[in-house]
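**Q** just coords:
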Ligand SMILES: [Zn+2]
């Protein structure tokens, strides 16, 4: 407790009052003497402590000590009721006025200290409006990612599974297991990124087909998988090519599968991607890993080329260039040599496989004209196409 200077001693004639039957004793803790010097001293003590309090927390302690239940003034107040009747009024006035002075000083000091503390807090928490904001704008999934997820959903909807594999791939999985012979042009340095050092036997995968070989070895047959992923070829970046692109391949291995199953599956995917009644057209082609092989076309979904016949196509259609057909990718029945390479008996099991370019689907489906837009990382592109495809 902080004690301040005491007020001048009161005149000896000051009335002295005390509660009965407690004997007169200034040291009695419970019942203070109710006289002017005692009350004045208590008030002065309180006022000194109030003005010395340096913060609202300290002032709270001062309040408890001086006007709390255990303080002299409160105890004196409680003792008034036991005084002789003729002394009660004077005692009440003395204690009441003293308490009033203390309460008033407390309120004033409380306001003063709270204001000072608020000012200090504001100064300490000053906001520098010139600092860069840390609120980051909301982005969007890249449209290729969104489309790839959507395509995976189509496979899952058909009851197939999704399989993934490494992007740095063993040359054996990328080429040998898939029946690419050692002189195949795709294996040359101008088409394929090889991983240093020379002779490492590793490439950046040129397609997602090695995932099929891996899953076949791991899981065996029967098997129905979709393999979406990023692949790499040494193409220059232009409006329709990029050295890094995405594709999704499908592989089904089971007993008694035929090209009719392949066409039915492609129709189903075309419908899910482009809507309408799809018509798939196959044109003979060659790939090392399928036999027979075909290029697959979907009926143009844009110009109303009914039944996919050429004469129904809109000659001005930009999607199909007036042909009525859209080239979608390669497909075929899995080459028996590929099945043998992964330990499956081609006499017992057959399979079909197909591959679709995801960039190409995005370009067709959403009218993206230039491949550059997909790789330049402009967030407006993602926000426009990636929110919902
Ligand atoms: Zn068209």
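**A** Sure, I can see it. Quantities reported herein were computed from a predicted structural model and do not represent experimental measurements.

**Q** When you work out contacts or count neighbours from here on, use the C-alpha atoms and nothing else.
**A** Noted.

**Q** for the ion, what are the nearby residues on this structure?
**A** Counting by CA under 5 Å from the ion, the chain comes close to the ion at 300, 302-303, 317, 320, 324.

**Q** now, which of those residues sits nearest residue 188?
**A** Using CA to CA, residue 320 is the member of those that lies nearest residue 188, at 32.3 Å.

**Q** Isn't the closest one up against residue 300?
**A** Yes - taking contacts as CA atoms under 8 Å, residue 320 lies within contact range of residue 300: 6.1 Å.

**Q** where do the strands sit along the chain?
**A** Assigned by DSSP state E, the strands in the chain fall at 16-17, 34-35, 161-162, 168-170, 202-204, 223-232, 244-254, 280-287, 290-299, 325-334, 350-357.

**Q** Take these and write them to a markdown table, including mean neighbour count and mean pLDDT.
**A** As requested, the strands of the chain are exported to a markdown table (neighbours: other CA atoms under 10 Å; pLDDT from 0 to 100):
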| stretch | mean neighbour count | mean pLDDT |
| --- | --- | --- |
| strand 16-17 | 16 | 49 |
| strand 34-35 | 24 | 82 |
| strand 161-162 | 16 | 95 |
| strand 168-170 | 19 | 93 |
| strand 202-204 | 21 | 92 |
| strand 223-232 | 22 | 94 |
| strand 244-254 | 21 | 93 |
| strand 280-287 | 16 | 91 |
| strand 290-299 | 22 | 91 |
| strand 325-334 | 23 | 91 |
| strand 350-357 | 23 | 94 |
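
**Q** Tabulate those in JSON lines, adding columns for distance to residue 46.
**A** Shown next, in JSON lines, are the strands of the chain (distance: least, CA to CA, whole Å):
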{"stretch": "strand 16-17", "distance to residue 46": "22"}
{"stretch": "strand 34-35", "distance to residue 46": "16"}
{"stretch": "strand 161-162", "distance to residue 46": "80"}
{"stretch": "strand 168-170", "distance to residue 46": "82"}
{"stretch": "strand 202-204", "distance to residue 46": "84"}
{"stretch": "strand 223-232", "distance to residue 46": "80"}
{"stretch": "strand 244-254", "distance to residue 46": "81"}
{"stretch": "strand 280-287", "distance to residue 46": "97"}
{"stretch": "strand 290-299", "distance to residue 46": "94"}
{"stretch": "strand 325-334", "distance to residue 46": "92"}
{"stretch": "strand 350-357", "distance to residue 46": "86"}
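
**Q** Find the residue closest to residue 96 in space, skipping its chain neighbours.
**A** Spatial nearest neighbour of residue 96, chain neighbours left out: residue 77 (7.8 Å); criterion: CA to CA, 6 or more residues apart in numbering.

**Q** For residue 181, list the residues it contacts.
**A** Going by CA atoms under 8 Å, 6 or more residues apart in numbering, residue 181 touches residue 175.

**Q** Any figure for the gap between it and residue 38?
**A** 113 Å (CA to CA, to the nearest Å).
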